[in-house]
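# need a 3D model of the following:
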Amino acid sequence: MMRRVFRRHIRKSLAQEVPPILQEANFAFSKGEYGRAAELFEQIARAADGRGGPRAPLFHLQAGRARVLAGQAALGIPSLERGLELLAQRGQFPRLRRFGTRTVNELTEHGLKSEADKIAAWLESVLPKVPSIEATSKGPALPRHCPSCGAPLRPDEVEWLDEVTAECGYCGSPVKDEH
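Residues are numbered from 1 along each chain as shown. The predicted structure is shown next:
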């Protein structure tokens, strides 16, 4: 229990300083300026990747998503693949399953069926086999975007610190249930 409280305290103190480039990237993405957002997320991803940062996979995935949304799929696919590869290398298989499934679905929605099929086949080869479990309860309601950095928040993609507090995957800020 004490370790968890200490971990939350450290996260809260570290989350105070959100890099302006991250805020700008999330703002550009939310405004539909996908090309600009992609450039910024690529810079952030390269820096995080270079230092082995824990959020590097998310930045690569967001850069790839922005490129796809900007109509630059050929530039976005390598970022998507890198983000997923990092999750696999780090053994973060539940996150890999969630982000991988979302990536495949979004590529399919944007008419990139062959790219989606390639990633789906790769996921099948690296993900451990687990029985499917249907979620029956509705979780806490998070705001749509992180109040600190503006990143999109999805209850199934964040790390929960307790029953009502999640951690933003982009900046590490604690985010409380809206209820």
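
# in this protein, which spans are helices?
2-14, 20-30, 34-50, 56-69, 73-89, 93-109, 113-126 (DSSP state H).

# His145: which of those is closest?
Across those, His145 has its closest neighbour in helix 20-30 (6.9 Å, C-beta to C-beta). The way it works is simple: take the backbone N, C-alpha and C, and place the C-beta from them, glycine included.

# sorry, back to before: can you redo the helices of the chain as JSON lines with mean pLDDT?
Shown next, in JSON lines, are the helices of the chain (pLDDT from 0 to 100):
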{"stretch": "helix 2-14", "mean pLDDT": "50"}
{"stretch": "helix 20-30", "mean pLDDT": "96"}
{"stretch": "helix 34-50", "mean pLDDT": "97"}
{"stretch": "helix 56-69", "mean pLDDT": "97"}
{"stretch": "helix 73-89", "mean pLDDT": "97"}
{"stretch": "helix 93-109", "mean pLDDT": "95"}
{"stretch": "helix 113-126", "mean pLDDT": "97"}
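
# what's the most buried one of the ones you listed?
Among the helices of the chain, helix 56-69 has the highest mean neighbour count (mean count of other C-beta atoms under 10 Å), at a mean of 26.

# who touches that helix?
For helix 56-69, the external contacting residues (C-beta atoms under 8 Å, 6 or more residues apart in numbering) are 25, 29, 34-35, 37-38, 41-42, 44-45, 48-49, 73, 75-84, 86-87, 90, 92, 95, 99, 103, 106-107, 110, 112, 151, 169-170.

# go again using 6 Å as the cut-off
By C-beta atoms under 6 Å, 6 or more residues apart in numbering, the list of residues contacting helix 56-69 from outside reads 29, 34, 37-38, 41-42, 44-45, 48-49, 75-76, 79-80, 82-83, 86-87, 99, 110, 169.

# outline the domain layout of the chain.
In terms of domains, the chain is parsed into 19-129, 139-179 (source: automatic domain parsing).

# tell me, what residue is most central in the chain?
In the chain, the centroid-proximal residue (C-alpha atoms, centre = their mean) is Leu58; its distance is 3.7 Å.

# against Tyr170, how distant is it?
Distance of Leu58 to Tyr170, given as C-beta to C-beta, to the nearest Å: 6 Å.
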